[in-house]
Every structure is written in C-alpha cells, then in structure tokens.
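S.K.: Mind folding the following:
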Amino acid sequence: MIHQRGYESLLESLPPQKAGKETSAIYLNQPWERQLDFLQATLPNHLRVGLLHSPDTHLELPGLRKSFTERGLTLIAQPVRSPDLLFPALDDLLNKTDVLLTIPDNAIYNTSNVRNILLTSYQHKVPLIGISQAYVNAGALCAIFSTPEQLAAQTGAALVYFARNKRLPEPHYPDLYVIALNNQVARSLGINLPSPEEIRERMNKAREGRR
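M.R.: Below you'll find the predicted structure:
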C-alpha cells in the first residue's frame, strides 16, 4: 500500500542491481486517466480543476495539462512552497476553479490540514474530490479509491504470477476501485450527483471510446 511517488523514492534508495529487478508494487493511487474519467462522469460541468502541490510531488505538469486540455478541461495547478503559504494559496486557487482535486501529497494533505482544507473549500462552494472513504466521511463530495481487500486480491494475483514466471510483474496501478459519494455535501452545494453505478457506466464508456 504505497503511492507511486513513494515507491519511486524507495527505489532511489536501493542499490542499482536491486532496483527494478527484485521489487515491484501495486500503487495505492489511481491512474490519472481513471481520475479524469471519474471527474468528468461525476461533474461534467466543472471544467476548471484546481490542484495544490508541494515541491516533493514532482508532477509532470506539461503532460498533465495536455491531458486535461484534450478533455476540454483546464488544470490550474497551484504550488505550495512552504506550510505557512498553504491557506493563502488555497484561497487564491478556490477563487479560480470549479472543483478541487486532491492528490497524495503529505506536505499538504495531512492530519493537521485536511479538515481546514475541506472547510475552506466548502465555504467557497467548491467541491473537493478526495482520495479515500475517510475524505468523503469528513466532507469531500466524492472519491475514487481501491480498498485494502481489492489490493490484497491483486497482490495474490501478483504472487501467482511470480510463482509461474519466477519474476515479479511490473509496477502497476490498481485494477479494481470503488466510488464513494457524499450526498449531503452535494445537496448543500446544489449539485445533482449521478449514482455510483451511473458514474461507473459513464467511465466504462469513456474508456471503451478510447480503444
């Protein structure tokens, strides 16, 4: 249960002969393509997407902006250089966006900050898309994530692969995911959310359309 960036940081600390040969991972975070499918299936009219990031996240912003633009979305990425600049940066970002998309970034989204980030976004009437059930329970509008049970099942499949092939599969994202919605927050913000089943159907159609 490790995010992609955390795994990459771990590899950097390993001897070259071990990195990439004796290690693998099933990332905890969702691939960007799936996240964007989820965003568009859930909030099709929210086109200006805000994203806070610290220097440690190492986002490939040019490629990411291109992915957003190809979908008719605008990515507004706001760097946060130090903890004391977080909430001024958040206020500025929320004034320019329709939705706030969270990412695994412990410098920003940690136990000290998450509640206030949720409250601030709610006060600006900007929905926040979280990364876990805990976010939705705390006040995020929605989230897409993989459960420990789903990750455990995929880990079992990776072990079977190893037993048959004598090598680990390449690092990859979760195959399975769940969708969580906070209908109370949706009503407070005046947002009419589709059902999880409808969201998943829209996501599947979008994926099929790219093939």
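
S.K.: Show me which positions of stretch 166-181 end up buried.
M.R.: Neighbour counts over stretch 166-181 (16 or more other C-beta atoms under 10 Å) mark 168, 171, 173-174, 177, 179-181 as buried. (Glycine included, C-beta is placed from N, CA and C.)

S.K.: That one spans what distance, first to last residue?
M.R.: For stretch 166-181, the first-to-last residue distance is 41 Å (C-alpha to C-alpha, to the nearest Å).

S.K.: hang on, the earlier thing: reformat the buried residues of stretch 166-181 as TSV; add secondary structure.
M.R.: Listed next are the buried residues of stretch 166-181 as TSV, based on DSSP: H, G, I helix; E, B strand; the rest coil:
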residue	secondary structure
Leu168	coil
Pro171	coil
Tyr173	coil
Pro174	coil
Tyr177	coil
Ile179	strand
Ala180	strand
Leu181	strand
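
S.K.: which two from those end up farthest apart in space?
M.R.: The span of those, defined through C-beta to C-beta, is set by Leu168 and Leu181 at 35.4 Å.

S.K.: following the lowest-mean-pLDDT helix or strand in the chain, which helix or strand comes up?
M.R.: Among the helices and strands of the chain, helix 4-12 carries the lowest confidence by mean pLDDT, DSSP states H and E, at a mean of 83. As assigned by DSSP states H and E, the chain's next helix or strand after helix 4-12 is helix 32-42.

S.K.: Quick one: list the elements packing against that next one.
M.R.: Other elements packing on helix 32-42 under the criterion 3 or more C-beta pairs under 8 Å, 6 or more residues apart in numbering; DSSP states H and E are helix 61-70, strand 99-101, strand 128-130, strand 142-145, helix 196-209.

S.K.: again, 7 Å this time
M.R.: Other elements packing on helix 32-42 under the criterion 3 or more C-beta pairs under 7 Å, 6 or more residues apart in numbering; DSSP states H and E are helix 61-70, strand 142-145, helix 196-209.

S.K.: What residues sit buried inside it?
M.R.: Neighbour-count burial for helix 32-42, counted by 16+ other C-beta under 10 Å, picks out 32, 34-42.

S.K.: now stretch 94-106
M.R.: Neighbour-count burial for stretch 94-106 [16+ other C-beta under 10 Å]: 94, 97-105.

S.K.: what's that stretch in contact with?
M.R.: With contact meaning C-beta atoms under 7 Å, 6 or more residues apart in numbering, stretch 94-106 is reached by 3, 29, 39, 43, 46-51, 53-54, 57, 76, 109, 120-121, 124, 126-131, 135.

S.K.: same question for that stretch, mean pLDDT?
M.R.: Averaging pLDDT along stretch 94-106 yields 96.

S.K.: Off-centre distance for that stretch?
M.R.: Chain-centre distance of stretch 94-106: 10 Å, with C-alpha atoms, centre = their mean, to the nearest Å.
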